[in-house]
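> Predicted model, plus sequence, below.
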Amino acid sequence: MLTIGEFSRASRLSAKALRLYDELGLLRPARVDPLSGYRFYAPGQLERARLVAWLRRLGMPLARIRLVCDAASPAAAAEVAAFWAQAEADHASRRDLAAFLVRSLEGGEAPMTSAHSGLAIRYAAGSDTGRRRAANQDSAYAGARLLAVADGMGGAGHLASAAAIDALKPLETAPPAGDLLNALESAVQQAGAAVAGIAAGEPGRAGSGTTLTAMLWAGSQLALVHIGDTRAYLLRDGGLYQITHDHTVVQSLIDEGRLTPDEAVSHPQRALLLRALDGGAAAADLSLHDARAGDRYLLCSDGVTTVVPPDRIRAVLTEAATPDQVVSELIGAANAAGGPDNIACAAADIVPAPDPAT
């Protein structure tokens, strides 16, 4: 047997950590002296202890470490791969934010301000029940500063999606004086609280929630918030880019290399969300982007993306003359493909601001 001090040195886990892992049932000692309370560990426990130490260095939460340690080898490996794929996605989001801040500071400009840049937007939004649903739980909004789409779920999904967007609407009439990203983050927190209140309001509303994808413009910058599987696309210089990452089980399997995008289309869990505004602690993705004249943005629910192929979406965005036409054609395309779900779209074109003199 090894004393807790000897086991600590061999496993590179502190004695304090070992006592915590004992209390949590993650790493129980082999024997505890009934009189002194001293913990003793078997040499065979070192492998599990070292695994715990390495997983902690990766930043994995203790609850997830327990899953890895208790799983068989293939499943444990898959769990680590899934955790790291999400960590890399989160890192990429922070990296983009850091790059934006570096560019802003190198240029001698205050980052995330609402300075006028000579740009304006033309916008449109629309929603449709589709052909197979009895009610519409999707919501869409477009204004001179705010673009948003939300896809509700549960008994009060229609209220949740509307409440999430309503929480963002004050940013339209009372734009932030400085920090665009923090203003949007605060509004999203209010949206989460509003959705939680709806879900807790009546027994039939339990489990209600919504996805949310929204953009807030200020000058040549836009802040993007995203949670769930509603999406944001950018058409720039003829190229179509998806600028959000789905928070779904299927997308996590794609990220891990366990599923191809083609296989994901027919996967039975393709609509299962990992994150949403539902009263829980799930965090939304926040990022900053530079807008350019000529850009066209699209926000849409999965009522579009599950039945309208990417090539068709790109063709509509490329060929439609106005945002109104984009919204109308995509809703029509989704219904022509069977309209199995509610549909919501919001589109915006970035254009040079008109000359005040004219």
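Structure received. Numbers count the residues shown, from 1 in each chain.

> domain assignment for this protein?
Domain ranges of the chain: 2-67, 85-352, per automatic domain parsing.

> so can I have CSV of the ones you listed showing mean neighbour count and mean pLDDT?
Just so you know, the C-beta spots here come from the backbone N, C-alpha and C atoms, and that holds for glycine as well. Output for these, formatted as CSV (neighbours: other CB atoms under 10 Å; pLDDT from 0 to 100):
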stretch, mean neighbour count, mean pLDDT
domain 2-67, 15, 89
domain 85-352, 19, 86
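
> In a markdown table: these, plus distance to Pro74.
Formatted as a markdown table, the domains of the chain follow (distance: least, CB to CB, whole Å):
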| stretch | distance to Pro74 |
| --- | --- |
| domain 2-67 | 13 |
| domain 85-352 | 11 |
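
> closest to Ser73 out of those domains?
Proximity to Ser73, assessed across the domains of the chain by CB to CB, is greatest for domain 2-67 (11.3 Å).

> what's the first-to-last distance across that closest one?
End-to-end distance for domain 2-67, by CA to CA, to the nearest Å: 26 Å.

> hmm, back to that, to Glu79, which of the domains of the chain lies closest?
Of all the domains of the chain, domain 2-67 comes closest under CB to CB, at 5.7 Å.

> distance between that closest one and the chain's centre?
On the basis of CA atoms, centre = their mean, to the nearest Å, domain 2-67 sits 34 Å off its chain's mean C-alpha point.

> At which residues are the helices of the stretch 51-200 of the chain located?
For the stretch 51-200 of the chain, helices defined by DSSP state H, counting those that start in this stretch occupy the ranges 62-70, 73-106, 157-168, 170-173, 180-199.

> Gly126: which of the ones you listed is closest?
Among these, the nearest to Gly126 by CB to CB is helix 157-168 (13.7 Å).

> A strand includes Val351, no?
Yes - assignment of Val351 by DSSP: H, G, I helix; E, B strand; the rest coil places it within a strand.

> partner residues bridging it?
Ala120 (DSSP bridges).

> residues contacting it?
119-122, 293 (CB atoms under 8 Å, 6 or more residues apart in numbering).

> which ones are touching the nearest residue to Pro340 once chain neighbours are set aside?
Distances taken as CB to CB, 6 or more residues apart in numbering place Arg132 nearest to Pro340, at 5.0 Å, with adjacent residues excluded. If a contact means CB under 8 Å, 6+ apart, then Arg132 has 338-341 as its contacts.

> Can you lay out the residues you listed as JSON lines showing secondary structure?
What follows is those, written out as JSON lines (three-state DSSP):
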{"residue": "Gly338", "secondary structure": "coil"}
{"residue": "Gly339", "secondary structure": "coil"}
{"residue": "Pro340", "secondary structure": "coil"}
{"residue": "Asp341", "secondary structure": "coil"}
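
> Identify, from those, the entry nearest to Thr244.
Of the contacts of Arg132, the one sitting nearest to Thr244 (CB to CB) turns out to be Asp341, at 18.0 Å.

> wait, doesn't the closest one sit right on Thr305?
No - taking contacts as CB atoms under 8 Å, Asp341 lies outside contact range of Thr305: 9.9 Å.

> Now the phi/psi pair for Ser301, please.
The phi and psi values for Ser301, taken as degrees, to the nearest 10, are phi -90, psi 170.

> Would you check that it makes contact with Gly152?
No - if you go by CB under 8 Å, Ser301 and Gly152 don't touch, sitting 9.6 Å apart.

> Need the overlap of contacts for the two.
Common neighbours of Ser301 and Gly152 (CB under 8 Å, 6+ apart) are Asp138.

> Cheers, nothing more for now.
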